[in-house]
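Colleague: next one to model:
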Amino acid sequence: MRGLRVLAAVVPLILLAAAPAHSERRGDAGWTGTWATAQHAAYDPGTSEVTVRVPVRVSAGGTSVRIRLTNAFTDQPVTIGHATVGRRADGSSVSGPRDLTFGGKREVTIPAGERTASDPVRIPVAARSDVVVSLYFPGRLTHISQHWMGLQTVYWTADGGGDHAGDPGGAAFTKTDSTFPFLTGIDVRGGPARGSVVALGDSITDGAASTSDADRRWPDYLAGRLAACTTPAGVLNEGISGNRITAGTDGNPSALERLERDVLSQPGARTVILFEGVNDLSWGGATGDQVIDGMREIARRAHARGLRVIGATVVPYRGWGDWWTEAKEADRQQVNTFVRDSGGTFDGYADFDRAVRDPDDPTRYAAVFDSGDHLHPNDTGMKAFADAVDLAGLGVARDCPSARVRLTPYRPDLQVDHATEITATVTNTGPKAVDRVSSALRLPDGWTAEPQGATGTDSLAPGGSSTVTWRVTPSSGTAWGPYDIGVRTSYRQSGRTRQDADSVAADVTPVPSAVQPPYSTFATTDDARYAQNGDQFALWAGGQDLSGWKDEKATIHLPDAVPATGAVTARLVSQTGSGPSAKAGIAVANDLTAPEKGGYAVLTMSKNYGVEFMTDSDGDGHLDTWAGDGASYHPAWLKLVRDGTAYTAYVRTDTGAWQQIGTATVPSAADGALDAGMVASAVDLDYPGQTTTAVFDSFSTSD
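Modeller: Just a heads-up that it's a prediction; the model follows:
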């Protein structure tokens, strides 16, 4: 949970409290925070005349909008020449972008260490909808004040791209990253919400290990629950990776240091959920008493400003690196005992520890909630945190739905024409019974679901649960890949029909099958398997290595496919189940079943080395030259272009431009056509017995 990249904070933390250029506190009456993020660091982007487009998912709706910007972590002013806000259409496109002004002016300069708020603009915004803020920076942009772990694709124009803040379309936005620059809040008024809940936390609140571009942080799920209330509430995510209660660093002020900025000054803030402490207790060196003292101070200051304070228990973290010890576990239990019975320090508590711990070993996450690093939850764990919050205890929303439904397993693997069990669990969290409970699945077209028993129940008592299990079968011809499976539950609560819904991302996975002509298969290991599903291909491969003096791999290839001047292209969709050096990609050779015959070149992705372009310089069948670049990613487009004995390698993302990795001469390449295909190797010399699974599509050759 410590920062994953080094960022410079070039002003003292005292600047967090500097007076704003146009105070967001001025005229706050009627405003409710609907989205927020905690800015905490700055960097020099080395760019000029650019526009950034930031899509975010708001929590509460309204009829008017304003944005809040900060320049807190810098020593230079920043000028915004044009700003707009609008509803998201698709990707980087905006429906009806509206110009924003600041004190009646289109341009605003924010001094170092200060912040500003726009004038309101009338634009209807629905709860749980996507809003897009665009900012144009004239001249040299010397720095960006940012929240770096956005888990959201943010769009930029190229250097020198100019002002595109008012563009409805997104064609000008050719670069992307995932940090939130300058934008620190969005407020609404004119909607049904009468306040907001602030989530003050660390990387778990920030969403680490949740699905990017999917809004699956626990505050997002909490916002979904609150949006269903008759009187809803906004939810503001003020999590920072690596944050602590007891101490801060440059670029990561402590919860106590940032409390005024990130919680107490939020428009319409009524309640704060304090979910911190695991960093203090694990690697931060704090004692349980020190964490409790910090919690008391946060609660005291929040109460003095009229906010309710909900404490959250500290989650288990055994298995996360080497940070856990018996002594630290005792401190965690001490803190959690205090949170559960704080003697009035808190107005209530959310038992996040209980929500995700393993009943058989409470020092660890239960596997169903664990992202794999034993500290950060997966999407299902994020839901469990949100479900553990008592909506009534927040004191801000009214008439909220009592029952909620959750699907398991978290990410089911399904196979074509094979039934897999999916279970929905409905839980009544309210104080009264609910009646006429009924659940129905939502499936992709052509899929079938056979319920194993009744799909509902007549009544569900407070605290009670019921389950429904279906056997779900993907239809013949279903392509491999991710699919959304949803469930909707309806029930009667106090004479009124209410609903709740949930969804999981299911993977339709390949199973070994025949590969159809004209494709051929070949392997230098005994454990290779293959599959084809239309234009999709899968390889299961072992092998000690694919470079140096080993050439152990599996291939699906086309003989004599690439002419003297031509190219081979494929999309590497995924690669799983192998060690960090496992490679998957495309290959060419005079004869892929006998690389020693010459012309051998391979372009792959591997976790350890990213993009790898390898060739055989002397025709002995061993890959002995290497060029590479960056980190691995999936899906990845790979292309090898041949011009006689010269090969050039390129890669790109689904939406990016081709990037050249390298060029190499392979003198042994034959004058005529070469074999071309898909290749995979487990590179398991240090991981004996492991195999890798690689999935491809869009394989093609061209002149």
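Colleague: surely residue 300 is within a helix?
Modeller: Yes. Residue state for residue 300 (DSSP: H, G, I helix; E, B strand; the rest coil) corresponds to a helix.
Colleague: what's the burial count for it?
Modeller: 11 (other Cβ atoms under 10 Å). Where you see a C-beta, it was placed from the backbone N, CA and C, and this is true even at glycine.
Colleague: so it versus residue 259, what's the distance?
Modeller: Distance of residue 300 to residue 259, computed by Cβ to Cβ, to the nearest Å: 11 Å.
Colleague: list the buried ones in stretch 649-663?
Modeller: Within stretch 649-663, the residues that count as buried by 16 or more other Cβ atoms under 10 Å are 649-651, 661-662.
Colleague: all strands for the stretch 51-200 of the chain, in order.
Modeller: 62-70, 78-80, 82-90, 93-99, 108-110, 115-117, 121-125, 130-141, 144-147, 154-156, 175-177, 180-181, 183-189, 196-201 (DSSP state E, counting those that start in this stretch).
Colleague: closest one to residue 446 among those strands?
Modeller: strand 82-90 (25.5 Å; Cβ to Cβ).
Colleague: that closest one - contacts with which helices or strands?
Modeller: Under the contact criterion of 3 or more Cβ pairs under 8 Å, 6 or more residues apart in numbering; DSSP states H and E, strand 82-90 touches strand 62-70, strand 93-99, strand 121-125, strand 130-141.
Colleague: comparing the ones you listed, which comes out most buried?
Modeller: Across those, averaging neighbours per residue (mean count of other Cβ atoms under 10 Å) puts strand 62-70 on top, at a mean of 24.
Colleague: give me the sheet partners of it and which way each runs.
Modeller: Strand 62-70 sits in its sheet next to strand 115-117 (antiparallel), strand 121-125 (antiparallel), strand 183-189 (antiparallel), going by DSSP bridges.
Colleague: save the ones you listed as JSON lines, and put in distance to residue 592 and mean pLDDT too.
Modeller: Shown next, in JSON lines, are these (distance: least, Cβ to Cβ, whole Å; pLDDT from 0 to 100):
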{"stretch": "strand 115-117", "distance to residue 592": "60", "mean pLDDT": "97"}
{"stretch": "strand 121-125", "distance to residue 592": "56", "mean pLDDT": "97"}
{"stretch": "strand 183-189", "distance to residue 592": "51", "mean pLDDT": "98"}
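Colleague: for the nearest residue to residue 677 once chain neighbours are set aside, grab the count of nearby residues.
Modeller: Closest residue to residue 677 apart from its sequence neighbours, by Cβ to Cβ, 6 or more residues apart in numbering: residue 557 at 2.4 Å. Number of residues near residue 557 (other Cβ under 10 Å) recorded here: 25.
Colleague: sec struct for residue 557, please.
Modeller: strand.
Colleague: thought it was touching residue 587?
Modeller: Yes. Counting by Cβ atoms under 8 Å, residue 587 is a contact partner of residue 557 at 7.5 Å.
Colleague: what's the overlap in contacts for those two?
Modeller: Both residue 557 and residue 587 are contacted by 676-678, under the criterion Cβ atoms under 8 Å, 6 or more residues apart in numbering.
Colleague: mind putting those in CSV, secondary structure and distance to residue 211 included?
Modeller: As requested, the shared contacts of residue 557 and residue 587 are arranged in CSV below (DSSP: H, G, I helix; E, B strand; the rest coil; distance: Cβ to Cβ, whole Å):
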residue, secondary structure, distance to residue 211
676, strand, 35
677, strand, 32
678, strand, 27
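Colleague: and which of these is nearest residue 76?
Modeller: The closest of those, once distances to residue 76 are taken by Cβ to Cβ, is residue 678, at 50.1 Å.
Colleague: partner residues bridging the closest one?
Modeller: Going by DSSP bridges, residue 678 forms beta bridges with residue 556, residue 586.
Colleague: how much space between it and residue 570?
Modeller: 6 Å.
Colleague: find residues that contact each of these two.
Modeller: By Cβ under 8 Å, 6+ apart, the residues touching both residue 678 and residue 570 are 585-586, 696, 699.
Colleague: farthest pair in those residues?
Modeller: Checking those with Cβ to Cβ, the most distant pair is 585 and 699, at 11.3 Å.
Colleague: neighbour count winner among the two?
Modeller: Just comparing residue 585 and residue 699: by other Cβ under 10 Å the higher neighbour count belongs to residue 585, 28 against 22.
Colleague: so that one touches residue 610, yeah?
Modeller: No. The criterion here is Cβ under 8 Å, and residue 585 misses it with residue 610 at 11.5 Å.
Colleague: shaky segments in the stretch 351-500 of the chain?
Modeller: Within the stretch 351-500 of the chain, not a single segment meets pLDDT under 70.
Colleague: show me the helices in it, by range?
Modeller: Applying DSSP state H, counting those that start in this stretch to the stretch 351-500 of the chain gives helices spanning 352-356, 379-387.
Colleague: from residue 90, how far off is residue 359?
Modeller: Distance from residue 359 to residue 90, by Cβ to Cβ: 44 Å.
Colleague: list the strands paired with the helix or strand where residue 235 lies, with their directions.
Modeller: Using DSSP states H and E, the element containing residue 235 is strand 234-239. Here strand 234-239 is paired, per DSSP bridges, with strand 196-201 (parallel).
Colleague: against which helices or strands is the very next helix or strand once past the strand it pairs with packed?
Modeller: Downstream of strand 196-201, the first helix or strand assigned by DSSP H and E is helix 203-206. Counting contacts by 3+ Cβ pairs under 8 Å, 6+ apart, helix 203-206 is packed against helix 218-227, strand 234-239.
Colleague: quick one: the last one to chain centroid distance?
Modeller: The reference is to strand 234-239. 16 Å (Cα atoms, centre = their mean, to the nearest Å).
Colleague: what sits up against it?
Modeller: Strand 234-239 is contacted from outside by 32-38, 58-60, 185, 188, 193, 195-207, 217, 219-220, 222-223, 226, 258, 262-263, 266, 268-269, using Cβ under 8 Å, 6+ apart.
Colleague: next up, the contacts around the nearest residue to residue 458 once chain neighbours are set aside.
Modeller: Leaving aside its sequence neighbours, residue 458 sits nearest to residue 435 (Cβ to Cβ, 6+ apart; 6.5 Å). Applying Cβ under 8 Å, 6+ apart, we find residue 435 in contact with 458-460, 491-492.
Colleague: can you check residue 659 too?
Modeller: 629, 650-652.
Colleague: ok, of those, which one's closest to residue 98?
Modeller: Distance to residue 98 across these (Cβ to Cβ) is lowest for residue 652, with 34.2 Å.
Colleague: hang on, the closest one packs against residue 635?
Modeller: No. Taking contacts as Cβ under 8 Å, residue 652 lies outside contact range of residue 635: 10.1 Å.
Colleague: quick one, strands of the stretch 601-703 of the chain?
Modeller: So, for the stretch 601-703 of the chain - with DSSP E, counting those that start in this stretch - the strands run 601-606, 610-615, 625-629, 636-643, 646-652, 659-665, 674-681, 692-702.
Colleague: now do the second one: which elements does it pack against?
Modeller: Helices and strands touching strand 610-615, as assessed by 3+ Cβ pairs under 8 Å, 6+ apart, comprise strand 601-606, strand 625-629, strand 646-652, strand 659-665.
Colleague: what about 6 Å?
Modeller: strand 601-606, strand 625-629, strand 659-665 (3 or more Cβ pairs under 6 Å, 6 or more residues apart in numbering; DSSP states H and E).
Colleague: got CSV for those strands, with mean pLDDT and distance to residue 641 too?
Modeller: Shown next, in CSV, are the helices and strands packed on strand 610-615 (pLDDT from 0 to 100; distance: least, Cβ to Cβ, whole Å):
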stretch, mean pLDDT, distance to residue 641
strand 601-606, 96, 10
strand 625-629, 91, 14
strand 659-665, 96, 9
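Colleague: mind putting those strands in CSV, distance to residue 120 included?
Modeller: CSV is the format used below for the helices and strands packed on strand 610-615 (distance: least, Cβ to Cβ, whole Å):
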stretch, distance to residue 120
strand 601-606, 48
strand 625-629, 46
strand 659-665, 43
